[in-house]
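Visitor: This is the structure alone, sequence omitted:
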């Protein structure tokens, strides 16, 4: 599974990435995590407010930093 | 040397003693509330629609007031609008208005520097916004992206629930009233009024909001505290040091009065250096005590948080160098003019 974190390097985006990594670790997920910093790409995906977490093309969170628990729940649904 | 550092420490001490409770705490709570309660997606959906210039520019100006209280989010928001189909004018209005005069910076300016400068800040920022929007649309009229108008008139959600709107109003009052009503007398009076109002909205929040919304609110507020508070303290310290280092005569000569040169220099300082949201107010306050004129002060308040060198580069990277150049030059020109105009014709000397 591919997880993209959308953001232009602001502290919130870094926090989001950290939380995603933590959640993946906790779930034992082997995900490919990338950081997307190009706003043209944001528009193409349909995200208006960063930070955002996109999993295999689906926007899971946008506009706020999701905490590890939320991420575990949301990512867990995607695992199957 | 010691004297200079002491200046910084004194400034910091004064600032912490008289501003943290009655200015910063409510300001952070307000910012957190706006971010967690307002549905910014809906606001942006309205902005993305094709409308006449007057309507879309006005909408963009008013919406930016509430969209981003933090300057790090405004570039992605503006570029998202642009690449999502909004006009180039609208995108740059958002880019300008959100940091230059968002509701947070505005209430804070008012409580620190007085009502007249706060009002001038809004009026001037909106004037500049319209001109910037017009200039950008005119210069880049050929480049306008024409998105496939899918005719997506899907129903939009509410921007703000009634209960949370009322709560935000209460928080706003707790920020404004102590600073405007209690203008003299001991600081304790301010604190008492503030405590009373804070208790009021805390009780309201407890009964009117579901626990999840409250948690979200507190979490966003803490984000602002963590992001801005260290920068603010550092900024105030630097301002204290600068105030000691710069001779008053120097400031009087270069930034005093309301001449076009003072205004231009103030604009340039503001346009190049980075001010985290809110730090521009104590900076301007110190410079004014040392003799900066009101017009240049306004110019600095506007361009300080709105533009900075790193910000130029980011805009150039996202929108292209030509647009960044036109934008920055327009802002510097307008900032200078506005500072000069307000200094000479609006603020009576």
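Guide: The structure has been received and is ready for your questions. Here the structure is a predicted model, which is why all the values come from computation and not from measurement.

Visitor: From residue B:266, how far off is the residue nearest in space to the middle of chain A?
Guide: Taking Cα atoms, centre = their mean, the centroid of chain A lies closest to residue A:53, which sits 2.4 Å from it. The gap separating residue A:53 from residue B:266 is 42 Å, by Cβ to Cβ, to the nearest Å. Any C-beta I mention is one placed from the backbone N, CA and C, and that applies to glycine too.

Visitor: Likewise for residue B:216?
Guide: Using Cβ to Cβ, which is the criterion applied here, residue B:216 is 39 Å from residue B:266.

Visitor: who has more neighbours, these two?
Guide: Neighbour count, other Cβ atoms under 10 Å in any protein chain shown: between residue B:216 and residue B:266, residue B:266 has more, with 30 against 18.

Visitor: which residues does the residue nearest to the centre of chain A contact?
Guide: A:3-6, A:16, A:20, A:59-62, A:66, A:71 (Cβ atoms under 8 Å, 6 or more residues apart in numbering or on different chains).

Visitor: before we move on, what about residue A:48?
Guide: Per Cβ under 8 Å, 6+ apart, neighbours of residue A:48: A:42, A:62-63, B:40-41, B:44, B:77, B:80-81, B:84.

Visitor: Wasn't it part of a strand?
Guide: No - in this structure, residue A:48 is coil, not part of a strand, as judged by DSSP: H, G, I helix; E, B strand; the rest coil.

Visitor: Alongside chain A, which residues does the stretch 201-349 of chain B contribute?
Guide: B:216, B:220, B:223, B:226-227, B:314, B:318 (Cβ under 8 Å from any Cβ of the partner chain).

Visitor: Quick one: low-confidence residue ranges for the chain.
Guide: With no chain named, the answer covers chain A. A:80 (pLDDT under 70).

Visitor: my question was about chain B
Guide: Looking at chain B by pLDDT under 70, you get B:50, B:67-73, B:144-156, B:183, B:348-349.

Visitor: which other residues reach the longest helix along chain A?
Guide: Assignment by DSSP state H gives helix A:11-27 as the longest helix of chain A. Helix A:11-27 has contacts (Cβ under 8 Å, 6+ apart) with A:3, A:5-7, A:29-31, A:33, A:35, A:50-51, A:53, A:61, A:64-68, A:71-72, A:75-76, A:79, B:72, B:223, B:226-227.

Visitor: chain center to it: distance?
Guide: Helix A:11-27 sits 8 Å away from the centroid of its parent chain (Cα atoms, centre = their mean, to the nearest Å).

Visitor: Quick check: buried residues in it?
Guide: Neighbour-count burial for helix A:11-27, counted by 16 or more other Cβ atoms under 10 Å in any protein chain shown, picks out A:12-13, A:15-17, A:19-21, A:23-24, A:27.

Visitor: farthest pair in these?
Guide: Using Cβ to Cβ, the pair of the buried residues of helix A:11-27 lying farthest apart is A:12 and A:27, separated by 22.4 Å.

Visitor: thinking again about what came up before, list buried members of the residues of the stretch 201-349 of chain B next to chain A by neighbour count.
Guide: B:216, B:220, B:223, B:227, B:314, B:318.

Visitor: returning to what we had before: okay, and the residue nearest to the centre of chain A sits in which element?
Guide: strand A:52-55 (DSSP states H and E).

Visitor: which is the next helix or strand following that strand?
Guide: Next in line after strand A:52-55, if elements are assigned by DSSP H and E, sits strand A:58-62.

Visitor: That next one versus helix A:11-27: what angle between them?
Guide: 120 degrees (axes from the mean of the first three to the mean of the last three Cα atoms, to 10 degrees).

Visitor: count of neighbours near residue B:22?
Guide: 24.

Visitor: for the one 3 residues further on, same thing?
Guide: A count of nearby residues for residue B:25, using other Cβ under 10 Å, gives 18.

Visitor: Identify the spatial nearest neighbour of the closest residue to chain A within the stretch 151-300 of chain B, chain neighbours not counted.
Guide: Nearest residue of the stretch 151-300 of chain B to chain A (Cβ to the nearest Cβ) works out as residue B:227 at 5.9 Å. Distance criterion Cβ to Cβ, 6 or more residues apart in numbering or on different chains; nearest residue to residue B:227, sequence neighbours excluded, is residue A:11 at 5.9 Å.

Visitor: Please report the distance of the one you found from residue B:330.
Guide: 30 Å.

Visitor: in stretch B:186-195, what's buried?
Guide: B:190, B:193-194.
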